[in-house]
Every structure is written in C-alpha cells, then in structure tokens.
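Visitor: okay, sequence plus prediction incoming.
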Amino acid sequence: MKNIMLVCVAGMSTSLLVSKMQKAAQEQNIEADIYAIAESEVEKVLANKGADVLLLGPQVRYLKGSFETKYKEMKLPIDVINMADYGMMNGENVLKQALKLIG
C-alpha cells in the first residue's frame, strides 16, 4: 500500500486530482491511499497517518524547501506537482511521479 499525500492551500483544489489518481491506480492494480490536505494539516497528518511521498500543488511550491528541512529525518520524498499535469488534472502522470519518488 502506497500512501500519497497531496498538499495545497486548503486541500480542496487537489480533490479532483486525487479522484483521477485513484482511478489510474485502480486501473493499474496499484494499492494506494491517495489523499489531499491543507498545508496547515501536514504535520498533524504525518504524525498520525504517515506518508510515503508528499506532493505539493504548484500554488504551494514555496513550501518545498521548508518541508524538506522540517521532515529531513523522515527521509520523505517531497516534490512539486508538474504544473501542466496539475492544470490538466492528469492523475495518471501525477501517480507516475509519486511512484517514481517512492522508488
């Protein structure tokens, strides 16, 4: 089971992308828990649920450096979702990005 966390300002704009990623995962028989949260909830959710990868929506790309510093000991892969894939809500490509980061 892969735990994929998407982060945006309020957790709302990524909800459609989460649905598209879940559909892509189902079609590829990949077990994944994909969820979107607000940037203010990251610390709490990581403490309670954990994640295998953290993907940032383009609108919160500025958080990447601080998150990498803050969660360095967790060795949590953190990246910004490709803006074109985000804009087109390309769940398949974003799922590929997440899986590549997980390794």
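Guide: That came through, no problem.
Visitor: contacts only, for the closest residue to Gln28 other than its chain neighbours.
Guide: Leaving aside its sequence neighbours, Gln28 sits nearest to Leu95 (CB to CB, 6 or more residues apart in numbering; 7.8 Å). All C-beta spots, glycine's among them, are computed from the backbone N, C-alpha and C. By CB atoms under 8 Å, 6 or more residues apart in numbering, Leu95 lies in contact with 4, 21, 24-25, 28, 30, 32, 34.
Visitor: where's Leu95, which helix or strand?
Guide: helix 91-102 (DSSP states H and E).
Visitor: run the chain-centre distance for that helix.
Guide: Its chain's C-alpha centre lies 9 Å from the corresponding centre of helix 91-102 when counted by CA atoms, centre = their mean, to the nearest Å.
Visitor: can I get the CA coordinates of it in CSV?
Guide: Extracted in CSV, the C-alpha atoms of helix 91-102 (Å, rounded to 0.1, in the frame of the first residue of the first chain):
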residue,chain,number,x,y,z
GLY,A,91,-4.0,11.8,-12.5
GLU,A,92,-2.0,9.2,-14.4
ASN,A,93,1.1,11.4,-14.8
VAL,A,94,0.9,12.6,-11.2
LEU,A,95,0.6,9.0,-10.0
LYS,A,96,3.7,8.1,-12.0
GLN,A,97,5.6,11.0,-10.4
ALA,A,98,4.6,9.8,-6.9
LEU,A,99,5.5,6.2,-7.6
LYS,A,100,8.9,7.2,-9.1
LEU,A,101,9.7,9.3,-6.0
ILE,A,102,8.7,6.4,-3.7
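Visitor: how about it: buried residues?
Guide: Within helix 91-102, the residues that qualify as buried are 91, 93-95, 97-99, 101, counting by 16 or more other CB atoms under 10 Å.
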